[in-house]
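> please find the sequence and the predicted model below.
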Amino acid sequence: MSETTGKGADYEASLKDSDTSVAAFEHKSRGPLGTAQHFLHGNPTMVPVIVLVMSVVAFGLVSPNFFSAFNLSLIMQQVAIVGILAAAQSLVILTAGIDLSVAAVMMMISVIMGRLSVELGIPVPLAVLIGFACGACTGLLNGLLVTKIKLPPFITTLGTWNIFLALNYYLSNRETIRSQTLDAEAPLLKLFGERFNLGGAVLTWGVVLMVVIFAVLWFILNRTAFGRHIYAIGDDKEAADLSGIRTDRTLIGVYVLSGVICAVAAWASIGRVGSVSPTSFFEANLESITAVVIGGISLFGGRGSILGPLIGAIIVGVFNSGLRLAGVDVLWQLFATGWLIIVAVAIDQWIRRISA
């Protein structure tokens, strides 16, 4: 009897030791690096926020003029157009795609608005609405090629980028509609370039427009079924199909909405430049992708906050302004931006490797 009791006691003791070891394993500390990884995985927007704060502090220490109201407001004015294009780009990238045609669409639509208003005498509000409709059509074309013909988004938008760019040059005859002409015949086209004072800072209505667009997209992505479907498609399109989401319709909607936002950017770009130029913001394609990547939206789709690209665009503006005030050559500004992109993608890959 005593021997049996002894064996039972030993068995219970072994169970307790096993439970203790399992409990210890389950509550094993992740360490500072693992904790940071888990935190950033759940809060991807914090990465660009941290980078922005560090950049502002660093450049503020290097140049005392950095914190002037004039310089800070100038940064916001400079990033407004790229920020709006980044909003359009973000929608597509969240679905695990990419849109290389956003800048070409913007330039073409600005030419359409300008030509309709100045040469044909169409009222500016109607010309703007026609421009929005043309933007929706460019997005519809991209969406149909991706969903119905099953072309990869990269190849599709690379092709349409050339098409829209050629149409831009054809419609404009490579000629610029000058500021004086717009002032005389279509001043409303320059609306988003008008300035106003806010607490000592001089901002444009284009900056306000950029903030409004991001606020609307935040609501769509976080408070509507359409927004949840976008994230689901980017995370796993096949699983989204199986769950009953009409993925093709959603993707077409994403590209159409992206095209409309590019048309909005076209109107704002006329105010920013002060004229209708077929070559304005030619490099905005890469700049919009840069803002999205630095803003923490994953190039693999399905993860990231729409507010990230807004912060990403501001980060690029802060770097360019800070380096310029520090007397750094433009060459090294590009060098710094390149490293920003590489570091942002590396951080995204590190966060994605988190264990469940």
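Thanks, I have the structure now.
> what are the phi and psi values for Ala201?
With angles defined as degrees, to the nearest 10, Ala201 sits at phi -90, psi 150.
> now it. Nearest residue, chain neighbours left out?
Distances taken as CB to CB, 6 or more residues apart in numbering put Ser73 closest to Ala201, at 3.9 Å, once the chain neighbours are dropped. Every C-beta, even on glycine, is put in place using the N, C-alpha and C of the backbone.
> around the one you found, how many other residues sit close by?
20 (other CB atoms under 10 Å).
> which helices and strands does the helix or strand hosting it pack with?
Taking DSSP states H and E as the definition, one finds Ser73 inside helix 69-94. Contacts defined by 3 or more CB pairs under 8 Å, 6 or more residues apart in numbering; DSSP states H and E place helix 69-94 against helix 102-118, strand 201-204, helix 205-223, helix 225-235, helix 247-273, helix 284-294, helix 307-325.
> what residues does the shortest one touch?
Going back to what we said before, that points to strand 201-204. Contact partners of strand 201-204, identified using CB atoms under 8 Å, 6 or more residues apart in numbering, comprise 69-70, 72-73, 76-77, 80, 192-197, 271-272.
> go again with 6 Å.
69, 73, 77, 193, 195 (CB atoms under 6 Å, 6 or more residues apart in numbering).
> on that earlier part again, may I see the buried residues of the helix holding Ser73?
Residues of helix 69-94 classed as buried: 71-94 (neighbour count, 16 or more other CB atoms under 10 Å).
> swap in stretch 272-291?
272-278, 280-281, 284-285, 287-291.
> again, but for stretch 314-327
314-323, 325.
> from the residues you listed, which is closest to Ile163?
Set against Ile163, the nearest of these by CB to CB is Val316 (27.9 Å).
> pull up the gap between the closest one and Val102, please.
Distance of Val316 to Val102, given as CB to CB, to the nearest Å: 16 Å.
> again with Thr95
For Thr95, the distance to Val102 equals 15 Å [CB to CB].
> equivalent analysis for Ala215, please.
20 Å.
> so between those two, which is more surrounded?
Taking neighbours as other CB under 10 Å, Ala215 and Val102 compare with Val102 leading, 32 against 13.
> the more buried one reaches Ala88, doesn't it?
Yes: if you go by CB atoms under 6 Å, Val102 and Ala88 touch, sitting 5.4 Å apart.
> need the overlap of contacts for those two.
Cys262.
> tell me how many other residues surround Leu140.
Using other CB under 10 Å, Leu140 is surrounded by 15 other residues.
> let me know whether it touches Val256 as I believe.
Yes: Leu140 is within contact range of Val256, at 5.3 Å (criterion: CB under 6 Å).
> low-confidence ranges, this structure, go.
Filtered on pLDDT under 70, the chain yields the residue ranges 1-30, 33, 36-37, 39-44, 352, 354-356.
> tell me how far Pro278 lies from Ala127.
17 Å.
> before we move on, back to that, now the helix holding Ser73, how far from the centre of its chain.
Distance of helix 69-94 from the chain centroid (CA atoms, centre = their mean, to the nearest Å) equals 8 Å.
> for Ile75, see how far away the spatially closest residue to Gly199 that is not a sequence neighbour is.
For Gly199, ignoring the flanking residues on the chain, the nearest one in space by CB to CB, 6+ apart is Ala69 at 7.5 Å. According to CB to CB, Ala69 stands 11 Å off from Ile75.
> same question for Val105.
For Val105, the distance to Ile75 - CB to CB - is 25 Å.
> how about Val49?
With CB to CB as the criterion, Val49 and Ile75 are 16 Å apart.
> equivalent analysis for Gly227, please.
Taking CB to CB, one finds Gly227 at 29 Å from Ile75.
> next one: stretch 298-317 to chain centre, how far?
Relative to its parent chain, stretch 298-317 has a centroid offset of 5 Å by CA atoms, centre = their mean.
> okay, buried residues for it please.
298-299, 301-317.
> what residues does it touch?
With contact meaning CB under 6 Å, 6+ apart, stretch 298-317 is reached by 44-45, 48, 51-52, 75, 78-79, 82-83, 86, 90, 94-96, 214, 217-218, 221, 231, 234-235, 291-292, 294-297, 348.
> if anything else comes up later, I'll come back, but that's it for now.
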